[in-house]
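Colleague: Starting from these lines, generate the structure:
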Amino acid sequence: MASAVTLSVSPTTYQTTKYEYDGESWTIEVSYPLLTRQEAAPFFAFLASLRGQNGTFLFGDTLLSQPLGTGSGTPKVNGGAQTGNKVLVSDGWSASQVVLKGGDLIQVDQRIYMVLADVTSDGSGNASIDVFPRLRSHLDNASIVTSNPQGLFRLSDDQSTIVEAGPTQLFNIAFRAIEAL
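Modeller: Here you go, the predicted structure:
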C-alpha cells in the first residue's frame, strides 16, 4: 500500500507537520520458489511478453480471494461522482447483512480496493464502504466484484529479476509491479 504523504519535522522544536495528498495505490512483489526450467519457462515468456513497463496484467491475492463477509447480492457503485473519496457508496447488497469485513478485497472495473472496516448493508441493500486506496473514476452502477478480485498492474521497472540458483539448474523468479492507473 503506497500513500503520498509528506512529513516535515522542525529541527529546533521537533514538531511535525504532515500533509496527506490524494495519491494512493498498490505495489506488489512476487517471488516464486525454486523452479525447474520446464516450470520456469512460462514465467520467462510472460515477463518477456510484457516488454518491460509497456504491458499490463491482472493480478489478485489468492489468499484473500473470498470475502469474510457474506458478499451477497448484486452490488454496484451508487453514483459516479466519487473520485478521490475514501468511502464507496454502493447498493444492490442483500439487505441487513454484514456483507464485507475489514481486510476483504473488492474490485471495481480493473481496480482493487481493501475494505477498512466491517460493512453492514441497510434494509434496502445500501452500504458505504471505507476503502484503500482512494476511489478512481467509476461509472454509476459499475459492478463490485467480491470473489477473486483483481487489479491492473505493470512492472515497476524495465528489468525483471530472474536468478538461476547455481549448478542445481533451478530458477528463482521475482518481480515488482505497481498499479497501472
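
Colleague: so the residue lying closest to Ser3 once chain neighbours are set aside is in which element?
Modeller: Ranked by C-beta to C-beta, 6 or more residues apart in numbering and with sequence neighbours excluded, the top spatial neighbour of Ser3 is Glu24, at 5.0 Å. (Each C-beta comes from the backbone N, C-alpha and C, glycine too.) For Glu24, the element it lies in under DSSP states H and E is strand 16-25.

Colleague: got the buried residues for that strand?
Modeller: Residues of strand 16-25 classed as buried under the neighbour-count rule (16 or more other C-beta atoms under 10 Å) are Glu24, Ser25.

Colleague: That strand pairs with which strands?
Modeller: When pairs are called by DSSP bridges, strand 16-25 turns out to pair with strand 2-9 (antiparallel).

Colleague: tell me the mean pLDDT over the partner strand?
Modeller: Confidence over strand 2-9, taken as the mean pLDDT, stands at 82.

Colleague: Report the contact partners of Ser96.
Modeller: With C-beta atoms under 8 Å, 6 or more residues apart in numbering as the criterion, the residues that contact Ser96 are Thr120, Ser121, Asp122, Gly123.

Colleague: Look up how far Val145 lies from the residue positioned nearest the centre of the chain.
Modeller: For the chain, the residue nearest the mean C-alpha position is Ile112 (3.8 Å; C-alpha atoms, centre = their mean). Using C-beta to C-beta, to the nearest Å, one gets 9 Å for the distance from Ile112 to Val145.
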